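Student: Quick one, fold the following:
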Amino acid sequence: MRRIRSNIDPQSAGFRAFERHNRKLATELHERQRKARFDRPERDIQRLRKQKKLLVRERIDLLLDPDTPFLELSTLAACERYEGTVPSAALVSGVGIVSGREVMIMASDSSIKGGAWYPLTVTKMVRTLDMALENRLTMIHLVDAAGAFLPMQSDIFPDKYMGGRIFRNQCMLSALGVKQVALVLGHSTAGGAYIPTLCDYSVMVRGTGGVFLGGPPLVKAATGEEVTADELGGADVHSSIRGTADYAVDSEQEGIALVREIIGTFAGDAKAAVEKREPEEPYYDPQELYGIIPDDVKKQFDMREVIARIVDGSRFHEFKPDYGATAVCGFAFLYGWKVGIIGNNGVLFSDSAQKCTQFLQMCNRDRVPMIFLQNITGFMVGKDYEHGGITKDGAKMLMVQANLDVPKLTIMTNGSFGAGNYAMCGRAYDPRFLFSWPNSQISVMGMEQAAKTLTQIRLKALERRGKTLSEEERHLIYEEITQDYIVKSSAYHSTSEMWDDGIIDPADTRKVLGICLSVALIREFGETPHGVLRI
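Tutor: All right, here's what the predicted structure looks like:
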């Protein structure tokens, strides 16, 4: 493959300005992540210490193989909800290596309201299990949760993708032969009692671990019976009387060591048959991404410059380089695995959509995983373009992309607007993993168009009620709508609502994609049932 020839001058004023802007965004991201991970009231930390409990990330550190990466997911979930009192949605989840096996870890954070489940906690749990299902990834559950946060129970319990989906997903994992191990470090009550019970292996810590459908207060209220948590559903009860648990241990450290031992008995995961060669570091420094990404979402940049700082050797075989110029399609290798890449270099026209559709079919036939690098304002609009078939050509791209059998990974590098989000494998189209850069924005249309449209709607509504506004009042309405739109379309709002799997530092993109690709290849995938059409 030919090495991409970069046109970036790292010494230019424009590069330096973008670099300063994006390094500032990266610094802010890392600080927000640090606070979400570690800032807790001292009283909550001391409460856990008195119970001889470790903090959630101390548990994970002991669980993981030394000096191996941990890809934490959705660190900033709920960062703009619940008045900021439920960092990371009270749950830590991520991909790591335990006893040499790739695993998905889901761990309650009992330093936050005793690990109680908020609506976004449940969303995060369901998404974590979805990823385990999609990738056939062994699950480790570190259980220490007070159950549903009752004041919000109506947003936690009854609907399809609420609490019940957690246990449904566990049942589906079992049916697929995907192993699950639970370590019960605290209480697992009500519906939460099913988490360890539905696992292949269940370990409980004496004195702190407890599994019961109704805790002692509920039992007393319902039956009048007085019983301690340990008598009702402690480690010895479940490991020696009922067999609900398989092992009882005397400390968290012993339990974590036992989980590592259990995982070590599992067979290693064979990877799907994808073309592979010796890995090679990019020729261009990934740190240069800071100077490539603009300081304004409306400014364009060449996606080839991003690709050059992600893929092996900065080598890229571009497909149809002279056709459909606003889409960049081609083949590369990432940590030695062959991948297909589609990136945006502007709005999608009919020829761009046609090129993408043909390329997607080729990748699916040849079993090549796909990476989507989103910077898309959408499909081109207007009379000439509609007459030229833009809606039909966009639908073809959407149809093929939605039905790919190969793994799909998506990165929001800048803007993601309207139907372009759909065509480029947005959240609704089941990418195995989707991450955002801190500069990225997502909304049904660009901020200026949306703000003008919404302002006109509000002004007309006021006029119908007989109100006449001055230019200053009109401007204030526009500014208010603009500011709200900026907040609601930001990467932080998106990640808070769990519309992605986390915000990542642009310079870490290659590493993140490498971990995700390795995990995605655990699962075998099918073959396209028809030939490739030249559209």
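Student: list the buried ones in stretch 446-460?
Tutor: 446-447, 450-451, 454-455, 458-459 (16 or more other CB atoms under 10 Å). Heads up, the C-betas are built off the backbone N, CA and C, glycines and all.
Student: so how far does stretch 400-420 reach from one end to the other?
Tutor: 14 Å (CA to CA, to the nearest Å).
Student: same question for it, mean pLDDT?
Tutor: Across stretch 400-420, pLDDT averages out at 96.
Student: Would you mark the buried spots in that stretch?
Tutor: 400-401, 404, 406-420.
Student: Break down the stretch 151-300 of the chain into its strands, ranges please.
Tutor: 180-189, 201-205, 210-212, 247-249 (DSSP state E, counting those that start in this stretch).
Student: Check which helices and strands the first one sits against.
Tutor: Applying 3 or more CB pairs under 8 Å, 6 or more residues apart in numbering; DSSP states H and E, we find strand 180-189 packed against strand 138-145, helix 163-175, helix 194-197, strand 201-205, strand 210-212, helix 252-264.
Student: Switch those over to CSV; also include distance to Glu471.
Tutor: Formatted as CSV, these follow (distance: least, CB to CB, whole Å):
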stretch, distance to Glu471
strand 138-145, 55
helix 163-175, 51
helix 194-197, 59
strand 201-205, 67
strand 210-212, 65
helix 252-264, 65
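Student: so which of these comes closest to Gly336?
Tutor: Gly336 sits nearest to strand 138-145 of all those, at 22.9 Å, using CB to CB.
Student: per-residue confidence at Met447?
Tutor: 69.
Student: actually Glu42, sorry about that
Tutor: 96.
Student: That one and Leu185: what is the separation?
Tutor: 21 Å (CB to CB, to the nearest Å).
Student: If you count surrounding residues, which of these two has more?
Tutor: Between Glu42 and Leu185, counting by other CB atoms under 10 Å, Leu185 is the more crowded of the two (27 against 7).
Student: and the more buried one, what does it touch?
Tutor: For Leu185, the contacting residues are 53, 59, 108, 110, 142-144, 205, 208-209, 252, 255, by CB atoms under 8 Å, 6 or more residues apart in numbering.
Student: contacting residues for the residue nearest to it when sequence neighbours are not counted?
Tutor: Excluding its sequence neighbours, the residue lying closest to Leu185 (CB to CB, 6 or more residues apart in numbering) is Asp144, at 4.4 Å. Contacts for Asp144 (CB under 8 Å, 6+ apart) come out as 53, 56, 107-108, 110, 115, 184-188.
Student: Who wins on neighbours among the residues you listed?
Tutor: Val184 (33 neighbours).
Student: State the pLDDT value of that one.
Tutor: 98.
Student: Quick check: it vs Ser239, distance?
Tutor: In terms of CB to CB, Val184 sits 10 Å off from Ser239.
Student: Next: Asp130.
Tutor: Taken as CB to CB, the span from Asp130 to Ser239 is 31 Å.
Student: Then Gly207?
Tutor: The value you get for Gly207 to Ser239, if CB to CB is used, is 13 Å.
Student: before we move on, what about Gly264?
Tutor: Counting by CB to CB - Gly264 and Ser239 are separated by 21 Å.
Student: can you check Cys171 too?
Tutor: From Cys171 to Ser239 the distance is 23 Å (CB to CB).
Student: who's more crowded, the two?
Tutor: Neighbours per residue, other CB under 10 Å: of Cys171 and Ser239, the larger number sits with Ser239, 20 against 11.
Student: Let me see the contact set for the closest residue in space to Arg277 that isn't next to it in sequence.
Tutor: Closest residue to Arg277 apart from its sequence neighbours, by CB to CB, 6+ apart: Gly336 at 5.4 Å. Each residue near Gly336 by CB under 8 Å, 6+ apart is listed here: 276-280, 312.
Student: May I see those organised as CSV, with neighbour count and pLDDT added?
Tutor: What follows is the contacts of Gly336, written out as CSV (neighbours: other CB atoms under 10 Å; pLDDT from 0 to 100):
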residue, neighbour count, pLDDT
Lys276, 13, 94
Arg277, 10, 96
Glu278, 7, 97
Pro279, 13, 97
Glu280, 14, 97
Asp312, 23, 98
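Student: Which members of these are the farthest-apart pair?
Tutor: Counting by CB to CB, the most remote pair of those is Lys276 and Glu280, 12.4 Å apart.
Student: Contacts only, for the closest residue to Phe70 other than its chain neighbours.
Tutor: Leaving aside its sequence neighbours, Phe70 sits nearest to Gly96 (CB to CB, 6+ apart; 4.3 Å). Residues in contact with Gly96, defined by CB under 8 Å, 6+ apart, are 60, 63-65, 68-71, 102-103, 105.
Student: Assign a three-state SS to Gly96, would you?
Tutor: Look at Gly96: counting by DSSP: H, G, I helix; E, B strand; the rest coil, its state is strand.
Student: Okay, and the beta partners of it?
Tutor: Gly96 forms beta bridges with Val103, as assigned by DSSP bridges.
Student: Need the distance between the two termini of stretch 174-186.
Tutor: Per CA to CA, stretch 174-186 runs 24 Å from first to last residue.
Student: so what secondary structure elements neighbour the strand or helix carrying Thr27?
Tutor: With elements taken from DSSP states H and E, the one containing Thr27 is helix 13-38. Counting by 3+ CB pairs under 8 Å, 6+ apart, the packing neighbours recorded for helix 13-38 are helix 289-292.
Student: Let's see the helix it packs on as PDB, backbone CA atoms only.
Tutor: Below are the C-alpha coordinates for helix 289-292, written out as PDB (Å, rounded to 0.1, in the frame of the first residue of the first chain):
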ATOM      1  CA  LEU A 289      -4.000  15.300  15.100                       C
ATOM      2  CA  TYR A 290      -4.200  18.200  17.500                       C
ATOM      3  CA  GLY A 291      -3.000  20.600  14.800                       C
ATOM      4  CA  ILE A 292      -5.200  19.100  12.000                       C
END
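Student: elements contacting that helix?
Tutor: When contacts are defined as 3+ CB pairs under 8 Å, 6+ apart, helix 289-292 packs onto helix 13-38, helix 303-307.
Student: Can you pull out the residues in contact with that helix?
Tutor: Under CB under 8 Å, 6+ apart, the answer for helix 289-292 is 8, 10, 15-16, 18-19, 22-23, 26, 301, 305-306, 309, 506-507, 509.
Student: so which of those residues comes closest to Ala325?
Tutor: If you rank these by distance to Ala325 using CB to CB, Phe301 comes first, at 14.3 Å.
Student: Give me the neighbour count for that closest one.
Tutor: Phe301: 16 neighbours (other CB under 10 Å).
Student: residue contacts, it?
Tutor: 292-294, 375, 414.
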